[in-house]
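> My questions are about this predicted structure, shown below with the sequence.
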Amino acid sequence: MKLRELLFPLMAVVCAFAVGAIVVLIIGDSPLQVYGLLLGSALSWPDGIGYTLFFATPLIFTGLAVAVALRGGLLNIGAEGQLYVAAFATAWVGITFAGLPSFLLVPLCCLAAVVAGAAWAAIPGVLKARFGSHEVINTIMLNFVAIALVGYLTQYDYRVAGDPIMETATIGETAHIARLGRFIPGLPERIPLNVAFLLALVASWAVYVLLWKTKWGYEIRATGQNPAAAEYGGISVRRQIVVTMAISGALAGMVGINEVLGYRYRYYDGFSDNYGFTGIAVALLGRNHPAGVLLAALLFAVLQRGGVPVDAFTQLVSKDIVQILQALVILFVAAEAMFRWKWAGSRRQVAGGGSNAAVSNAQAGTATVGKI
Amino acid sequence: MRDIFTISLVFSTIRLATPLVWAAIGGLYSERAGVVNIALEGLMLAGAFTAAAVTFYAHSPWVGVTAASMAGALVALLLAVVCIRFKANEVVAGTGINILFLGLPGVLSAALFLSSGSTPQIPEAELLPTLAQLLPVVPQWRIFTNVSAVSMLALVVVGCTWYVLYRTPFGLRLRSVGENPEAADAAGIRVLRMRYLGVVFSGVLAGVGGAYLSIGQSSLFTRNMTAGRGFIALAALIFGKWRPVQTMLACLLFGFADAVTIQMQGVVKMPSGEDVPVQFIQMIPYLVTIIVLAGFIGHSRAPGALGVPYDKEA
């Protein structure tokens, strides 16, 4: 990732914080105090950093999921549904095979998370490849179906009798994965930051290798850049759509590992704090690059962790300010042309009129296709 | 079964379909102009919060509804600027708006009413009235006028939308910029202006739909009170093939599914003696949409240029 690539996301974040500060001012509180609380609590040791990294874990997974799909030319708004199905599948395996030894049960649970996420995401993939129906609507619809489905299974089949909370029984103890507090001195084990965070780092690296160092990744990106050219080059675009969605869903499904094996040790209905939707913002802010996704996930995790004390220690501002900041980041990143506009305008004048600019754009376009 | 299919089910259906109709018809204006409107959820939330807050101060539901539609228009204008002026991805920008209105009402409500969870309760006399409260009626006919005035207005809006869309030059222009902006441009239609109008109008209508939720069905605003209705409205729009009357019928179907769900709870038992799981009935609208999109029940064709930003120079 070139350093210049960082410029626009950075400007978007700065603008979002600036508008957020105006909102706080209008409400009648001090932006400095709010942002101070936000950052101060998120970056304190060990609780702040521990929780921030814990919150970053699911966002890295969903951010990667959305990024891979976008690289393949698909917008996966269904990470939310995929991670719910995956988390339930993880818990189901953890409960059903509770007697197995750890070295078998943990991989089996992880496999369940990945396969369930991939399968759920493959549905809109198949629907698009086979019937041409748009993945955006189908993934949104499947989010609702997924949430209703796992809600049903939890309520009727896997709840402990008499438990008023919508949650399953606990998974076998051999399925637990270690919390990082066990290895890091000074980090208490009550902080749920766990091995899944390391898995998220590995996944980021793996996505980088997949996309830029393998034939598979080349095919994903080629399809995303220009499906017609990819088809002409011998890539089956239909197959590619299904494969890309499945990979995306598998990544989203890994949220289940963090949640079930590393944190609550059971499936807890409604656990996701919009991880799937925030993943879209994370991917966009990170410019669909694994390194960018890591940074963006950390930023959003800081906001999420930092929102808690904002609620308690300011007079008028509630922690919902965090959601406003996240939304503003999304909007500013989406409206990136706002920042490019000035340069584009001056360049167009140099090129001497609209038609010339269009031609040079077209040439630049072919050049990119040639380069991949 | 007789316990479920009663006259009250009809009214329950109308009640639950009303916000969907407002939002879906709103979405129709935006999408027919070629701009994907996934932000209906956020627009409804904006309307719902504004209606509750303004009615609390102004003590008049009509002032509240007007404010809600203006708030919807304002938020939709923001969406339009981001999507049309800056050519943002419409789905992403819409998602941003939706998340914004998960947070913004809470922050404003905390600042105004010192409670981030909900706005204060509005007395019943200041809620949106039913027809019976507005018109003098014979008592025996009361049951038929027990419908909210806003529900009846929705019917009028659907009729007007049909007329505007298919019988006026404005409607023709709106549809043409959504189908083929290049041709519309060549014919002298100002494409971007039509798109701005379409999106802003979607905010006006979705705002009213939201207002009905907070000061019609309920008496206060609660966090995320739309609970996915904006997405169902979008689904109804697709199911209704982007046509006003069909879209309204789709909304009624989805409202009916919702009403049956509520009535069935605890009333109907499965042969085994257990409750019928409501989750399966809740899934129906979404599954129907997926099936319709796949072309199993008549193909639903989107406006030709839906989701494609228009660039004169490209």
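Everything's here; your move.

> State the helix or strand in which whichever residue of the stretch 1-150 of chain B sits closest to chain A lies.
With Cβ to the nearest Cβ, the shortest gap between the stretch 1-150 of chain B and chain A falls at B:G103, namely 2.8 Å. Every residue, glycine included, has its C-beta placed from N, CA and C. Using DSSP states H and E, the secondary-structure element containing B:G103 is helix B:90-113.

> Now for the residue of the stretch 1-150 of chain B closest to chain A: which residues touch it?
By Cβ atoms under 8 Å, 6 or more residues apart in numbering or on different chains, B:G103 lies in contact with A:D320, A:I321, A:V322, A:Q323, A:I324, A:Q326, A:A327.

> So the last one belongs to a helix, correct?
Yes: per DSSP: H, G, I helix; E, B strand; the rest coil, A:A327 lies within a helix segment.

> re earlier: what's the closest non-adjacent residue to the residue of the stretch 1-150 of chain B closest to chain A?
In space, and not counting its chain neighbours, B:G103 is closest to A:Q323: 2.8 Å by Cβ to Cβ, 6 or more residues apart in numbering or on different chains.

> Surely that neighbour and B:L102 touch.
Yes: under the criterion of Cβ atoms under 8 Å, A:Q323 makes contact with B:L102 at 5.0 Å.

> what stretches of chain B score poorly on pLDDT?
B:1-5, B:137-145, B:265-276, B:296-300, B:313-314 (pLDDT under 70).

> All the helices of it, residue numbers only.
Listed in chain order, the helices of chain B (DSSP state H) span residues B:7-32, B:40-58, B:61-80, B:90-113, B:131-134, B:149-167, B:169-179, B:181-186, B:191-212, B:229-239, B:244-264, B:278-293.

> For A:L53, find the nearest of these.
A:L53 lies closest to helix B:90-113 among these, at 22.6 Å (Cβ to Cβ).

> Now for residue 41, how many residues are close by?
Chain wasn't specified; assuming chain A. A total of 21 residues lie near A:S41 under the criterion other Cβ atoms under 10 Å in any protein chain shown.

> I was thinking of chain B, sorry if that wasn't clear
29.

> Could you do the one 4 residues further on as well?
Close neighbours of B:L45, defined as other Cβ under 10 Å, add up to 33.

> Break chain A down into its structural domains.
Domain assignment for chain A, taken from automatic domain parsing, gives A:58-305, A:342-372.

> right, and A:H176 touches A:V260 too?
No: using Cβ under 8 Å, A:H176 is not in contact with A:V260, being 9.6 Å away.

> Neighbour count for the two, which is higher?
Set A:H176 next to A:V260 and count neighbours by other Cβ under 10 Å: A:V260 wins out with 34 against 21.

> mind checking how far that one is from A:I171?
A:V260 is 7 Å from A:I171, where distance means Cβ to Cβ, to the nearest Å.

> Could you name every residue contacting both of the two?
Shared contacts of A:V260 and A:I171, defined by Cβ under 8 Å, 6+ apart, are found at A:A91, A:G94, A:C109, A:R266.

> List the residues that contact the residue nearest to B:A52 when sequence neighbours are not counted.
Distances taken as Cβ to Cβ, 6+ apart place B:F221 nearest to B:A52, at 3.7 Å, with adjacent residues excluded. By Cβ under 8 Å, 6+ apart, the residues touching B:F221 are B:A48, B:F49, B:A51, B:A52, B:A53, B:P105, B:S109, B:S118, B:T119, B:S214.

> dump the residue contacts of B:I25.
Going by Cβ under 8 Å, 6+ apart, B:I25 touches B:A154, B:V157, B:V158, B:T161, B:L205, B:P244, B:T247, B:M248.

> unless I'm mixing things up, the second one is touching B:F201, no?
Looking back up the chat, that one is B:V157. No: counting by Cβ under 8 Å, B:V157 stays clear of B:F201, with 10.8 Å between them.

> Between these two, which has more neighbouring residues?
Counted by other Cβ under 10 Å, B:V157 and B:F201 do not tie: B:F201 has more neighbours, with 23 against 19.

> hang on, isn't that one packed against B:G27?
No: contact criterion Cβ under 8 Å: B:F201 and B:G27 do not qualify, at 10.3 Å.

> need the next SSE after the helix or strand hosting A:I123, C-terminal direction.
Using DSSP H and E, A:I123 sits within helix A:102-131. Sequence-wise, the next helix or strand downstream of helix A:102-131 (DSSP H and E) is helix A:135-153.
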